[in-house]
Structure formats: C-alpha cells, structure tokens
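# What follows is a predicted structure for the sequence shown.
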Amino acid sequence: MKRWFAVAALLLVLLGSGFWLRPLGAIFLYRDAVLWSRGVESRTAEVNGQRLHYLSQGSGRPLVILPGLLANAADASPLLKAFAPRRRAVALDLLGQCESSRPAIPYSVSGQRSSANAL
C-alpha cells in the first residue's frame, strides 16, 4: 500500500511539476514522499544563526547519525529504520548539504561538529 502511494505521488509530481524543466525537484519530491510513507519526519532547526535540516524517526533518547562528507540525511534512512524501535534516530544534513544553510564560511570538521553538538 505504501509503495503504491509513493508511485502515485511520483506520477503526480512528474505530470504536475514540469519534469522536463526541473528533473531534480521531482526526484527530491519522490524521495520525500517515500521517507514520509516510512514514518520519517523532516525538520529544520536554527543553530548558531544557520538552518540545519535533519530527519527523525522513533522515540526515546536521541542517537545522532552524521553522514559522510558526500552523503546526506536521506542516505541514512536505512539506519533510521533500524534504530527507530529502540531510540530516536536523527540523521543530520551538515552545513552546505541539501536543505541546510550554505553559509560563505570556511568549512571544517570542527565547525560541523560544533553545529551538530548545538543541535
């Protein structure tokens, strides 16, 4: 049932959004529909004046999942599903990735770490 919903959502998006003009937008909408159908919540938080996007699933003590430098929070969705029965799994988009802010600052591991800790 959930898969059919995702397929129907994709078809609606492809027809309604002008897929030939913005193919990545349609792909991201499909990804978001699939994550939503799995019970994953997409949220943003303001941290140190910057917007951080994260995905969350489950309840209890939080377990923060940090993606690699070329990955994003959506790539960690299998981990969210695996940890959700026991913990609140949170996958973070680091600064400069996907829906998080892209400030004109030098990016460093320590800077990303401080943003993650503040969240």
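On my side now, so go ahead.
# Alpha carbons only: can I get stretch 35-54 in PDB?
Extracted C-alpha coordinates of stretch 35-54, given in PDB (Å, rounded to 0.1, in the frame of the first residue of the first chain):
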ATOM      1  CA  LEU A  35      10.500   8.800   3.500                       C
ATOM      2  CA  TRP A  36       7.200  10.300   4.700                       C
ATOM      3  CA  SER A  37       5.400   7.000   3.900                       C
ATOM      4  CA  ARG A  38       8.000   5.200   6.200                       C
ATOM      5  CA  GLY A  39       7.300   7.500   9.100                       C
ATOM      6  CA  VAL A  40      10.400   9.700   8.800                       C
ATOM      7  CA  GLU A  41       9.900  13.300   9.900                       C
ATOM      8  CA  SER A  42      11.700  16.100   8.100                       C
ATOM      9  CA  ARG A  43      12.600  19.100  10.300                       C
ATOM     10  CA  THR A  44      14.800  22.100  10.400                       C
ATOM     11  CA  ALA A  45      16.400  23.900  13.400                       C
ATOM     12  CA  GLU A  46      18.100  27.200  13.700                       C
ATOM     13  CA  VAL A  47      21.600  26.700  15.100                       C
ATOM     14  CA  ASN A  48      24.200  29.500  15.500                       C
ATOM     15  CA  GLY A  49      22.200  31.600  13.000                       C
ATOM     16  CA  GLN A  50      22.200  28.800  10.400                       C
ATOM     17  CA  ARG A  51      19.400  26.500   9.300                       C
ATOM     18  CA  LEU A  52      20.200  22.800   9.900                       C
ATOM     19  CA  HIS A  53      17.900  20.100   8.300                       C
ATOM     20  CA  TYR A  54      17.500  16.700   9.800                       C
END
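# begin at 10 from here
Shifting the count to begin at 10 puts that one at stretch 44-63.
# what's the spacing between that stretch and its chain's center?
6 Å (C-alpha atoms, centre = their mean, to the nearest Å).
# What pLDDT does the model give Arg96?
With respect to pLDDT, Arg96 has a value of 92.
# Low-confidence ranges, the protein, go.
10, 22-35 (pLDDT under 70).
# Would you map the helices across it?
For the chain, applying DSSP state H gives helices covering 11-25, 32-46, 86-92, 118-127.
# what's the third one packed up against?
Packed against helix 86-92, as judged by 3 or more C-beta pairs under 8 Å, 6 or more residues apart in numbering; DSSP states H and E, are the following elements: strand 59-66, strand 71-74, strand 97-101. Every residue, glycine included, has its C-beta placed from N, CA and C.
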